[in-house]
Every structure is written in C-alpha cells, then in structure tokens.
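Asks: got a predicted model here, sequence first, then my questions.
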Amino acid sequence: MKLINSTGNEDLAIVYIARSEGGNMLEFVESLQSPKPRMKKWILTVSTLYGCPVNCTICDAGPYYLGRISKEGIFWQLDHMISRRFPDGNIPVKQLKVHFTRMGEPAFNMSVLDVINEFGMYFNAPGFMPSISSIAPKGSERFFEELLSLKNKKFSKGNFQLQFSIHTTDEAKRNELMPVKKWSLGQIADYGKRFRSAADRKITLSFAPSAENPIEPDLIKKIFDPEQFLIKLTPLNSTNNASRNNLTSLISPVNDTGIDTLADDFKNEGYEVIISIGDNEELKIGSTCGQNLVSNYIVKENP
C-alpha cells in the first residue's frame, strides 16, 4: 500500500488516498469532533472494500467495486494515521473511535472482525471503541453472528457502537436508496434485541432525511423498542449521487429547516434523538459520510 495524496485540516479532518500493490485505490479519514480535543476523542474511519457493490443513491463510493481489502490493508490504514501522532503505538486518547465505514459495506468483509479482534495486539489503546455502520445486507448473517460473539467477549459495557442505515420507512423507497437485498426492518430489530445487553450502548438507527423519502416515527416505534434503539438524524451530504438522483436534504451544515419537527416526532414516540450536523468545512474537505475523493482523483490522473 502506498499513500498518494491527502487533503484537509489538522484541526478538523484529513482525507488520505492510497493505492494498493495491485493498483486499486482507497481512502481513509482521521477527524475530530469539535470542540473536543484529540486527547478526548479521535475518530479514525477506514475503508473495508475497494469501492462498494451496493451503489446507494446517496453515496459516491458505489460506481465501481474491485474487491475486499485484506486485514493487512485495513491495518495499514490505521497504522498510517496512528503512527503520525503516536509512533510508539501507545494511544492515550480517552475515546479512540474506529469507524469501518469509509468505502464499502463492512458486513461484506469478514476481515473487519479480525481487525477488531486483533487491534489490541498492535496498539495500546484503552479508549478503543469499534463502530460498525451497515445496511444489513442479506447473506451477511455469519458476519453479524460473529460480531455479536466478539462484542460479548471483548466490547461489552458500552465499548462498541452498532448503527444501521435506515433512511426511510417506505420499503419501496428504501430499496431504491439501497438497491441490494437486505434484512427487513423487523429482522434488524430482532437482531438488535439479541445484540444489545443492558450495559451496552443503544443501537443507532441512522436517517439522512430527504424530502423525497418519507419517515414515519410511529411506524419505527411499532418495530424498534426505544429502550434498545436511538435515532440519529444526519445531513444528506452533497454527494454527486444525491445530486444526480435529485434528492433534497432536510438537514445540512448550513440549513436545518424541517428537521426539528421530525426530531420532535421521534422524541414523542419515546426515542433518544441525536441531530448530527458536521462542520461546513468538512464538506469542502470531502470527509463527510457518502463523499468520495477517489473517483475525482482517478479522473485527474487520467484526463
């Protein structure tokens, strides 16, 4: 693996672009959650696939898919970011959050579980907290069963974050947004009940609300127990795909009009609600969810 470019702001986020020995490109990100300093919370977001076969209509990682990234390739991304700041591998950060969500659906790559399991063999990070965000594709049952076992063995008591991307309660629209076979909302809820113990963090149901895709909090309440699940509302970021598919965000770093009513509706159903709006500078850097710099870089390399 070789680093070929990076862009960003040391005080906010940096996106790195690398190329594998086989010529495939990937990207990974380190970021801060303002106003928290790095020693309080440091976020590392790595790619698990070269591109993504799902091709969600709101994400730019899906125009191509060139296979899984090996365990060694995922560790290389982590080591590049960690060694810049903590070269001895000792990471005295209160919360080191590692997202396996930059490029690729993590449930398609069993090596993700190997990296989570073996992380402590390479780095001394008492604050290590793995984070998996998934659309719950069909055929990934083995991944989720092994994830459940791993969480119970090593990451109980709130040291693991699990998130499912939902985005809409309209099943037809959900299939348009995420055009692969996936678990039903009921299957996600059933797994969540088994996954979460009383000491664990609540499981996150993530929505990037758009005007074109309805969200009915009362329907979510019928399926997902507010004692087990919380709601996260995030911007539908300005990706090429979202623009191409004429999707209109209800929330953005510069305009949150329309989101308060939806948040209140979820709260009235008994849910804890997180409205997660990033810095507008992150959009310019290209570090936010769904954005992808690799395709633009390929175009620049091959004009």
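Replies: Cool, got the structure. The structure presented is a predicted model; accordingly, all values stated were derived computationally and were not measured.
Asks: which residues touch residue 187?
Replies: Shown in contact with residue 187 (Cβ atoms under 8 Å, 6 or more residues apart in numbering): residue 136. Every C-beta, even on glycine, is put in place using the N, C-alpha and C of the backbone.
Asks: so it, which of the three states?
Replies: Put simply, residue 187 is helix when judged by DSSP: H, G, I helix; E, B strand; the rest coil.
Asks: read off the pLDDT value for residue 275.
Replies: At residue 275, the pLDDT value in this model is 88.
Asks: make residue 1 into 18 and carry on from there
Replies: Will do, 18 is the new start, and the previous item becomes residue 292.
Asks: quick check: it vs residue 55, distance?
Replies: Separation of residue 292 from residue 55 (Cβ to Cβ, to the nearest Å): 24 Å.
Asks: sketch out the helices for the stretch 118-267 of the chain, chain order is fine.
Replies: Counting by DSSP state H, counting those that start in this stretch, the stretch 118-267 of the chain has helices at residues 128-139, 158-171, 188-194, 202-212, 234-240, 257-261.
Asks: quick one: the strands in the stretch 18-167 of the chain?
Replies: Ranges of strands in the stretch 18-167 of the chain, per DSSP state E, counting those that start in this stretch, are 19-26, 30-36, 42-48, 58-62, 66-68, 82-85, 112-116, 145-151.
Asks: distance between the first one and the chain's centre?
Replies: Using Cα atoms, centre = their mean, to the nearest Å, the mean C-alpha position of strand 19-26 is found 20 Å from that of the whole chain.
Asks: buried ones in that strand?
Replies: For strand 19-26, the neighbour count (16 or more other Cβ atoms under 10 Å) marks 22, 23, 25 as buried.
Asks: do you know how far residue 183 is from residue 171?
Replies: Using Cβ to Cβ, residue 183 is found at 27 Å from residue 171.
Asks: which one's more surrounded, those two?
Replies: When neighbours are counted by other Cβ atoms under 10 Å, residue 183 and residue 171 differ, and residue 183 comes out ahead with 24 against 15.
Asks: which strand residues bridge the closest residue in space to the more buried one that isn't next to it in sequence?
Replies: Using Cβ to Cβ, 6 or more residues apart in numbering and skipping residues adjacent in sequence, the residue nearest residue 183 is residue 222, 5.1 Å away. Residue 222 has these beta-bridge partners by DSSP bridges: residue 181, residue 248.
Asks: okay, and for the stretch 118-267 of the chain, where does confidence drop off?
Replies: Counting by pLDDT under 70, the stretch 118-267 of the chain contains low-confidence ranges at 254-255, 257-260, 262.
Asks: how about a cut-off of 80?
Replies: Counting by pLDDT under 80, the ranges of the stretch 118-267 of the chain that qualify are 253-267.
Asks: now do the contacts for residue 250.
Replies: The contact partners of residue 250, taken as Cβ under 8 Å, 6+ apart, are 224, 225, 226, 268, 276, 279, 280, 290, 291, 292, 293.
Asks: identify the residues contacting the fifth one.
Replies: What that stands for is residue 276. Shown in contact with residue 276 (Cβ under 8 Å, 6+ apart): 226, 250, 267, 268, 292.
Asks: change it to 10 Å
Replies: Residue 276 makes contacts with 224, 226, 250, 251, 252, 266, 267, 268, 269, 290, 292, 294, as judged by Cβ atoms under 10 Å, 6 or more residues apart in numbering.
Asks: burial measure for the second one, as a count.
Replies: Right, residue 226. Residue 226 has 22 neighbours, counted by other Cβ under 10 Å.
Asks: separation between the residue lying closest to it once chain neighbours are set aside and residue 112?
Replies: Nearest-residue entry for residue 226: residue 267, 4.1 Å, with adjacent residues in sequence omitted and distances by Cβ to Cβ, 6+ apart. Residue 267 is 29 Å from residue 112, where distance means Cβ to Cβ.
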